[in-house]
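Enquirer: Model the following, please.
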Amino acid sequence: EPLYDVLRQYVLMPGKVHADDIPVPVQEPGSGKTRTARLWVYVRDDRNAGSQMPPAVWFAYSPDRKGIHPQNHLAGYSGV
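Expert: Alright, predicted model coming up:
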(Lines give C-alpha, C1' and ligand atoms only; values in the text may rest on other atoms or scores of the structure.)
Protein backbone atom coordinates (compact mmCIF):
# COMPACT_ATOMS: atom_id res chain seq x y z
CA GLU A 1 0.00 0.00 0.00
CA PRO A 2 1.45 3.44 -0.89
CA LEU A 3 2.69 5.52 2.06
CA TYR A 4 0.33 8.35 1.04
CA ASP A 5 -2.69 6.09 1.60
CA VAL A 6 -1.35 4.63 4.85
CA LEU A 7 -0.72 8.12 6.28
CA ARG A 8 -4.18 9.29 5.21
CA GLN A 9 -5.84 6.33 6.93
CA TYR A 10 -3.80 6.81 10.10
CA VAL A 11 -4.29 10.58 10.35
CA LEU A 12 -8.02 10.33 9.63
CA MET A 13 -8.75 7.61 12.20
CA PRO A 14 -11.63 8.68 14.45
CA GLY A 15 -10.49 11.35 16.86
CA LYS A 16 -9.29 14.91 16.29
CA VAL A 17 -7.68 16.29 13.16
CA HIS A 18 -6.21 19.75 12.79
CA ALA A 19 -6.21 21.15 9.26
CA ASP A 20 -4.79 24.11 7.37
CA ASP A 21 -3.78 24.97 3.84
CA ILE A 22 -0.52 26.37 2.52
CA PRO A 23 -0.19 28.33 -0.74
CA VAL A 24 2.27 26.75 -3.15
CA PRO A 25 3.48 28.37 -6.39
CA VAL A 26 3.11 25.95 -9.31
CA GLN A 27 4.51 26.60 -12.76
CA GLU A 28 1.98 26.55 -15.58
CA PRO A 29 3.25 24.17 -18.29
CA GLY A 30 4.50 26.03 -21.33
CA SER A 31 3.71 29.53 -20.04
CA GLY A 32 6.68 30.21 -17.77
CA LYS A 33 4.23 31.72 -15.26
CA THR A 34 3.19 30.45 -11.87
CA ARG A 35 -0.20 30.12 -10.25
CA THR A 36 -1.11 29.41 -6.64
CA ALA A 37 -2.07 25.85 -5.74
CA ARG A 38 -2.57 24.47 -2.21
CA LEU A 39 -1.10 21.87 0.08
CA TRP A 40 -3.68 20.86 2.65
CA VAL A 41 -2.09 19.83 5.94
CA TYR A 42 -3.91 17.38 8.21
CA VAL A 43 -2.36 16.69 11.62
CA ARG A 44 -3.18 14.02 14.17
CA ASP A 45 -1.73 14.63 17.63
CA ASP A 46 -3.64 13.48 20.70
CA ARG A 47 -0.67 13.38 23.09
CA ASN A 48 -2.17 16.17 25.24
CA ALA A 49 -5.26 13.99 25.71
CA GLY A 50 -3.11 11.13 27.01
CA SER A 51 -2.94 9.13 23.80
CA GLN A 52 0.05 6.86 23.24
CA MET A 53 -0.46 6.98 19.46
CA PRO A 54 2.35 8.83 17.68
CA PRO A 55 1.49 12.11 15.95
CA ALA A 56 1.44 12.22 12.16
CA VAL A 57 0.99 14.67 9.29
CA TRP A 58 -0.67 13.99 5.94
CA PHE A 59 -0.34 16.45 3.03
CA ALA A 60 -2.85 16.57 0.17
CA TYR A 61 -2.42 18.70 -2.98
CA SER A 62 -5.13 20.67 -4.75
CA PRO A 63 -4.85 23.00 -7.74
CA ASP A 64 -6.87 25.74 -5.98
CA ARG A 65 -8.54 26.61 -2.66
CA LYS A 66 -12.07 25.49 -3.52
CA GLY A 67 -13.90 23.89 -0.62
CA ILE A 68 -14.59 20.72 -2.59
CA HIS A 69 -10.98 19.62 -2.10
CA PRO A 70 -10.98 19.35 1.71
CA GLN A 71 -14.50 17.90 1.49
CA ASN A 72 -13.11 15.14 -0.72
CA HIS A 73 -10.03 14.68 1.48
CA LEU A 74 -12.22 14.29 4.57
CA ALA A 75 -14.95 12.17 2.95
CA GLY A 76 -15.95 9.46 5.38
CA TYR A 77 -14.15 11.05 8.34
CA SER A 78 -16.22 10.87 11.51
CA GLY A 79 -14.08 12.68 14.07
CA VAL A 80 -13.75 16.26 15.22
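Enquirer: How far off centre is the lengthiest helix in the chain?
Expert: Of all segments of type helix in the chain, defined using DSSP state H, the longest is helix 3-11. Mean-position distance between helix 3-11 and its chain equals 10 Å (C-alpha atoms, centre = their mean, to the nearest Å).
Enquirer: same question, stretch 9-17
Expert: With C-alpha atoms, centre = their mean, you get 11 Å for stretch 9-17.
Enquirer: What residues of it count as buried?
Expert: 11, 12, 15, 17 (16 or more other C-beta atoms under 10 Å). Where C-beta positions appear, they are placed from N, C-alpha and C, glycine not excepted.
Enquirer: The third one: which element?
Expert: Residue 15 is part of no helix or strand when elements are defined by DSSP states H and E.
Enquirer: Skipping adjacent residues, who's closest to it in space?
Expert: Excluding the flanking residues, the one nearest residue 15 by C-beta to C-beta, 6 or more residues apart in numbering is residue 79, at 4.8 Å.
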